[in-house]
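>>> only geometry, no sequence info:
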């Protein structure tokens, strides 16, 4: 297991001791500020020595319901590049570049949940559907991720759609399996802070900083793909066909 910590600071000694209890885990702490999710994942995937790897966000957990043997079998017996699992929200869907009807400007259209249509289901694997994008919990062919250059390191957050667009542009095949469950353990309550940190922590300023950061990364992402805006359309299917 490879864990990439944005860093650059070390954790307290008691936390580092806990990390040391997992001999099968390589724990990498970034050596500079603002490493970012994308570059962290690039570091991780370059360390992978196996033909396939599983990518997980830090709030995703695998279990007996993830069915990793099935994901492995699919990659091992087909020309698929990536098999994604299902989490709390169904991210799996199609993306396409087109002009926004209202503005006439170029847009990236994303249809979350659109891939679970009957025509896209794999005959050999019921419950698995071809798509362009899945959740950030997936098993992938290491070579194919490296072939598309990995994640765009300038997109430090909001890297999700970027890597799947890279795969789509390279005509790599992506599949979503609704019966491979990946648990999301993210808490909306946030981190509990002690009184000293709580009193010194400016939540309002943090929210503003976070918002500006997301806006900045959003602009970088759109410029990278030469589109004016991203439009998400829920509960609609894209009438494309797979060729």
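Cool, the structure landed. Since we're looking at a predicted model, the values are computed, not measured.
>>> measure residue 161 to residue 134 for me?
In this view, residue 161 and residue 134 are 11 Å apart by C-beta to C-beta, to the nearest Å. For glycine as for every other residue, the C-beta is placed from the backbone atoms N, C-alpha and C.
>>> typed the wrong thing, it's residue 121
With C-beta to C-beta as the criterion, residue 121 and residue 134 are 15 Å apart.
>>> More neighbours: these two, which one.
When neighbours are counted by other C-beta atoms under 10 Å, residue 134 comes out ahead of the other of residue 121 and residue 134, with 27 against 17.
>>> can you pull the contacts of that one?
Contacts for residue 134 were tallied using C-beta atoms under 8 Å, 6 or more residues apart in numbering; they are 82, 84-85, 91-92, 164, 174-176.
>>> so can I have CSV of the residues you listed showing neighbour count?
Written out in CSV, the entries for the contacts of residue 134 read as follows (neighbours: other C-beta atoms under 10 Å):
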residue, neighbour count
82, 26
84, 29
85, 28
91, 22
92, 28
164, 25
174, 23
175, 26
176, 28
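>>> Pretty sure residue 115 sits against residue 129.
Yes: with contact taken as C-beta atoms under 8 Å, residue 115 and residue 129 are classed as touching, separated by 4.4 Å.
>>> In three-state terms, how would the closest residue to residue 41 other than its chain neighbours be classified?
Counting by C-beta to C-beta, 6 or more residues apart in numbering, residue 151 is the residue found nearest to residue 41 once chain neighbours are left out, at 5.1 Å. Under DSSP: H, G, I helix; E, B strand; the rest coil, the three-state class of residue 151 is coil.
>>> where's residue 151 relative to residue 4, distance?
In terms of C-beta to C-beta, residue 151 sits 11 Å off from residue 4.
>>> one step back: where do the contact lists of residue 115 and residue 129 overlap?
Counting by C-beta under 8 Å, 6+ apart, the residues touching both residue 115 and residue 129 are 92, 176.
>>> okay, residue 151 and residue 4: which has more neighbours?
Under the criterion of other C-beta under 10 Å, the comparison of residue 151 against residue 4 puts residue 151 first, with 24 against 21.
>>> got a list of what the more buried one touches?
With contacts defined as C-beta under 8 Å, 6+ apart, the neighbours of residue 151 are 37-39, 41-42, 159, 162-163.
>>> Give me the pLDDT for it.
Turning to residue 151, the model gives it a pLDDT of 95.
>>> what do you get for residue 190?
If you check residue 190, the pLDDT there is 54.
>>> got the domain boundaries for this structure?
Each structural domain of the chain that the record assigns through automatic domain parsing is listed here as a residue range: 1-35, 51-232.
>>> right, so those domains: which one is the most enclosed?
Burial among those, expressed as mean neighbours by mean count of other C-beta atoms under 10 Å, is greatest for domain 51-232, which shows a mean of 16.
>>> For it, measure first residue to last.
The separation between the terminal residues of domain 51-232, taken as C-alpha to C-alpha, to the nearest Å, is 34 Å.
>>> In the contacts of residue 134, which has the lowest confidence score?
Within these, pLDDT reaches its minimum at residue 91, with 88.
>>> Who are the contact partners of it?
Applying C-beta under 8 Å, 6+ apart, one finds that residue 91 lies in contact with 112-113, 133-135, 160.
>>> picking up where we left off before, looking at the contacts of residue 134, spot the one nearest residue 63.
Distance to residue 63 across those (C-beta to C-beta) is lowest for residue 85, with 10.5 Å.
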